[in-house]
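Trainee: here's a sequence, model it:
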Amino acid sequence: MTESTGKSSTGKRVILRTRVEAEASLPPVSPPPFNGVDENIPPGIRLAGAWSWRLIVIAAALAVLIFLIIQLRLIVIPLLVAVLVSALLVPFVGFLQRHRWPKGLAVATAMLGTLVIVAGLITLATTQIADGTAGLSARLSETYNNFRGFLSGAPLNLSETDINRYLEQGWTAIQNDSQVFISGALSVGTTVGHLLTGLLLALFSLLFILIDGKTIWAWIVRLFPRRAQLAVNGAGVAGWTTLGNFAKVQILVASIDAVGIGLGAALLGVPMAIPIGILVFLGSFIPIIGAVATGIVAVVIALFFNSWVTALLMLGVVLLVQQVEGHVLQPLIMGTAVKVHPLGVVLVVAAGALLAGIPGALFAVPIAAVINVMTSYLAGGSWREGADLTQATTGSTLWRTVPRRPGYRQRSIQINHGKH
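Mentor: Numbering: from 1, shown residues only. All right, here's what the predicted structure looks like:
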């Protein structure tokens, strides 16, 4: 023990002597010249000024980036859709290739399977809506008469003259604002053209990502300086893993919401239960906003086609499903999958909706999750040692998102070492 202590103290003296010799060999540093201004500014003001101009530059760069994205939204949105869908299909294509499927056949199967599923959902919803709207005029007439009876009864006790006057005022307001509807009808052709163009661009981008995604990513990495390529590649792999986790878990959450609300509508006798379930499934991809909007649609359908009692029961089903999602599914699965706090999710969705409407709300959470994971990876510095991410990305996606007990990993490592 004394010998080891002596060796350590000797090493410290050698290091100290080397450091002193190095400092002595450096040229003397001359103090900055006095100009009568800098020396009179308090250190806190200097620090605040240094932070301020850097934050202004960052904010200006972000503003330019957001402006360019909004101007190029007809290209950016289909590309983001292709990347999000490819996060689901790339593992499936890899699974088929590992089972000795040719790459072209695996890619074609993934693409055609996705198109068949989407077309099947649209066809099923359209057929159910057509069947559910049979006799719609009679039902609307009955609902209208019941509504007039409600207005003329207690507690409002409106007369027929008052009801007709209010209806005339509403019709006049619609006629005065008819220009909005006309301009909206004229823009339908442009919107349909943009939709078809975006769909073709998304399919084209998805095809090439599935065929040559690794080569495209390698080309992007080579655009960075050589010293930063390892960090960029590792951050990209971490972000891609998080994006895949988000897509898979979001499909699970959306399916649970759709089954719960659709089954509740079917049990209550609400028409078009299957279209309601499909609408809930699609709307659940927009956190918070989508669930509320689709729930309101289900309640309105129950009110128009059934009764106010059924509408209240449907509202209870929607609230129950949303409570299960908000207190069980989102914290347990989605929260740990995207590594974003629920308050952050709300703020990010609101900001995305204000900047880019529905597409902004749809892509806000995955973009925030990917940026969060990538910056955490870069700040962690594990890329300096060339850390391998394959160990962190193996296993079931669902169970990787479940929070583990404190010390679970350490005990698992000890058990595994004991077995070996």
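Trainee: quick one, helices of the stretch 101-250 of the chain?
Mentor: Taking DSSP state H, counting those that start in this stretch, the helices of the stretch 101-250 of the chain run over residues 103-132, 136-152, 160-176, 178-186, 188-222, 226-267.
Trainee: quick one: closest of those helices to A48.
Mentor: With Cβ to Cβ as the measure, helix 226-267 is the member of the helices of the stretch 101-250 of the chain nearest A48 (30.2 Å). C-betas here are computed from N, CA, C, even on glycine.
Trainee: show me what that closest one is packed up against.
Mentor: helix 73-98, helix 188-222, helix 273-283, helix 289-305, helix 308-324, helix 335-338, helix 342-380, helix 397-400 (3 or more Cβ pairs under 8 Å, 6 or more residues apart in numbering; DSSP states H and E).
Trainee: how does it look with 6 Å?
Mentor: On a contact count with 3 or more Cβ pairs under 6 Å, 6 or more residues apart in numbering; DSSP states H and E, helix 226-267 meets helix 73-98, helix 188-222, helix 273-283, helix 308-324, helix 335-338, helix 342-380.
Trainee: buried residues, the longest one. List them.
Mentor: Read it as helix 342-380. Applying a neighbour-count criterion of 16 or more other Cβ atoms under 10 Å, one finds 345, 348-349, 352-353, 356, 359-370, 372-374, 377-378 buried in helix 342-380.
Trainee: now swap in stretch 118-128 and tell me
Mentor: 121, 125, 128.
Trainee: pLDDT check: weakest of those?
Mentor: On pLDDT alone, Q128 ranks lowest of these, at 74.
Trainee: ok, now how distant is it from L343?
Mentor: Separation of Q128 from L343 (Cβ to Cβ, to the nearest Å): 38 Å.
Trainee: do R226 as well
Mentor: 40 Å.
Trainee: low pLDDT regions in the stretch 251-400 of the chain?
Mentor: Residues of the stretch 251-400 of the chain meeting the criterion pLDDT under 70: 287-289, 291, 326-327, 329-339, 342, 385-400.
Trainee: mind redoing it with 50?
Mentor: 387-400 (pLDDT under 50).
Trainee: can you point out the buried residues in stretch 76-95?
Mentor: 76-90, 92-93.
Trainee: ditto for stretch 96-116
Mentor: Within stretch 96-116, the residues scored as buried using 16+ other Cβ under 10 Å are 96, 106-107, 110-111, 114.
Trainee: identify, from those, the entry nearest to L200.
Mentor: M111 (13.2 Å).
Trainee: which non-adjacent residue is nearest the closest one?
Mentor: Leaving aside its sequence neighbours, M111 sits nearest to L207 (Cβ to Cβ, 6 or more residues apart in numbering; 6.5 Å).
Trainee: with distance to G49 added, can I get the helices and strands packed on helix 226-267 in a markdown table?
Mentor: As requested, the helices and strands packed on helix 226-267 are exported to a markdown table (distance: least, Cβ to Cβ, whole Å):
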| stretch | distance to G49 |
| --- | --- |
| helix 73-98 | 36 |
| helix 188-222 | 36 |
| helix 273-283 | 47 |
| helix 308-324 | 48 |
| helix 335-338 | 36 |
| helix 342-380 | 25 |
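Trainee: do you know which of those lies nearest A302?
Mentor: The closest of the helices and strands packed on helix 226-267 to A302 is helix 308-324. By Cβ to Cβ, the value is 4.1 Å.
Trainee: that closest one to helix 273-283, inter-axis angle?
Mentor: In terms of direction (axes from the mean of the first three to the mean of the last three Cα atoms, to 10 degrees), helix 308-324 departs from helix 273-283 by 30 degrees.
Trainee: and helix 308-324, what's buried?
Mentor: 310-311, 313-315, 317-318, 321-322.
Trainee: wait, which of the helices and strands packed on helix 226-267 is closest to G149?
Mentor: Going by Cβ to Cβ, the one of the helices and strands packed on helix 226-267 nearest G149 is helix 308-324, 12.4 Å.
Trainee: helices or strands up against that closest one?
Mentor: The contact analysis (3+ Cβ pairs under 6 Å, 6+ apart) places helix 308-324 against helix 226-267, helix 289-305.
Trainee: may I see those helices organised as CSV, with mean neighbour count and distance to R54 added?
Mentor: CSV is the format used below for the helices and strands packed on helix 308-324 (neighbours: other Cβ atoms under 10 Å; distance: least, Cβ to Cβ, whole Å):
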stretch, mean neighbour count, distance to R54
helix 226-267, 19, 20
helix 289-305, 19, 34
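Trainee: can you redo those as TSV with distance to K214?
Mentor: As requested, the helices and strands packed on helix 308-324 are exported to TSV (distance: least, Cβ to Cβ, whole Å):
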stretch	distance to K214
helix 226-267	11
helix 289-305	33
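Trainee: between these, which one is nearest to L72?
Mentor: Nearest to L72, of the helices and strands packed on helix 308-324 and by Cβ to Cβ, is helix 226-267 at 20.8 Å.
Trainee: the closest one to helix 342-380, inter-axis angle?
Mentor: 160 degrees.
Trainee: report the angle between helix 226-267 and helix 73-98.
Mentor: Following the same axes, to 10 degrees, one obtains 90 degrees for the angle between helix 226-267 and helix 73-98.
Trainee: now the angle from helix 226-267 to helix 289-305?
Mentor: Counting by the same axes, to 10 degrees, helix 226-267 lies at 20 degrees to helix 289-305.
Trainee: touching, A82 and A202? I think so.
Mentor: Yes. Between A82 and A202 there is a contact under Cβ atoms under 6 Å: 4.8 Å.
Trainee: most widely separated two among the buried residues of helix 308-324?
Mentor: It's T310 and Q322 that sit farthest apart of the buried residues of helix 308-324, by Cβ to Cβ, at 18.5 Å.
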